[in-house]
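> one predicted model, sequence on top.
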Amino acid sequence: MAEMGKRVGVAVDFSQCSKKALRWAIDNLLKKGDHLILITVRSEHNYESGEMQLWETTGSPLIPYNDFSNPNIMKKYKAVPDEETLKLVDNAAKEKEITALLKIFWGDPREKLCEAVNNIPLTCLVIGNRGLGPLKRVILGSVSNHVVNTATCPVTVVH
């Protein structure tokens, strides 16, 4: 029986720091046969369909690259991956022979990223750090700090 590769999660909000985390994961963690699972957390709760209400607790189904690179399909999820992220994922999938998937959650990123670790389940998680100063971190809270201290798998924070 063939052994399944690692399930490497990368938290993405399509910002520069999440793209940096994605590049790091591709360059340092992914090998042939692994699964790259992009995890994005949306804060909106304005659901138009019953599906979205069901997905509030479990997140979306795992969305294959061919679907999450299709803008028409992504309208359903109200998520818009940017071209640079899509290109990084496409190149990694071809060059490293990995499977790329997207999972969308709705709610608090700190909680949902930790839930993703257990629900998918992930072998490890890579997350970017926005580099908030000490005062902003106290006021806003640090997603990466919370995830590092709460997640049940190894977490790498890319600065």
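Good, I have the coordinates. Numbers count the residues shown, from 1 in each chain.

> C-alpha from now on. contacts and neighbour counts both.
Noted.

> and the helices in the protein?
16-28, 50-58, 65-68, 71-77, 83-96, 109-119, 134-140, 143-150 (DSSP state H).

> which stretch in those helices has the least confidence?
In terms of average pLDDT, helix 134-140 trails the rest of the helices of the chain, at a mean of 50.

> can I get the helices of the chain in a markdown table with distance to residue 38?
As requested, the helices of the chain are exported to a markdown table (distance: least, C-alpha to C-alpha, whole Å):
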| stretch | distance to residue 38 |
| --- | --- |
| helix 16-28 | 8 |
| helix 50-58 | 15 |
| helix 65-68 | 10 |
| helix 71-77 | 14 |
| helix 83-96 | 9 |
| helix 109-119 | 11 |
| helix 134-140 | 24 |
| helix 143-150 | 16 |
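
> mind checking which of those is nearest residue 35?
Residue 35 lies closest, by C-alpha to C-alpha, to one member of the helices of the chain: helix 83-96, at 9.2 Å.

> which other helices and strands contact the closest one?
In this structure, helix 83-96 packs against helix 16-28, strand 99-106, with contacts taken as 3 or more C-alpha pairs under 8 Å, 6 or more residues apart in numbering; DSSP states H and E.

> ok, back up a step: can you put the helices of the chain in TSV and add mean neighbour count?
Below are the helices of the chain laid out as TSV (neighbours: other C-alpha atoms under 10 Å):
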stretch	mean neighbour count
helix 16-28	19
helix 50-58	14
helix 65-68	16
helix 71-77	13
helix 83-96	15
helix 109-119	19
helix 134-140	10
helix 143-150	17
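
> what's the local residue count around the nearest residue to residue 29 once chain neighbours are set aside?
Residue nearest to residue 29 in three dimensions, not counting chain neighbours: residue 8, with 7.7 Å by C-alpha to C-alpha, 6 or more residues apart in numbering. Here the number of neighbours of residue 8 (other C-alpha atoms under 10 Å) works out to 22.

> among the helices and strands packed on helix 83-96, which is nearest residue 155?
Using C-alpha to C-alpha, the nearest of these to residue 155 is helix 16-28, at 11.2 Å.

> and the angle for that closest one with helix 83-96?
10 degrees (axes from the mean of the first three to the mean of the last three C-alpha atoms, to 10 degrees).

> which among the helices and strands packed on helix 83-96 is found nearest to residue 149?
Using C-alpha to C-alpha, the nearest of the helices and strands packed on helix 83-96 to residue 149 is helix 16-28, at 18.4 Å.
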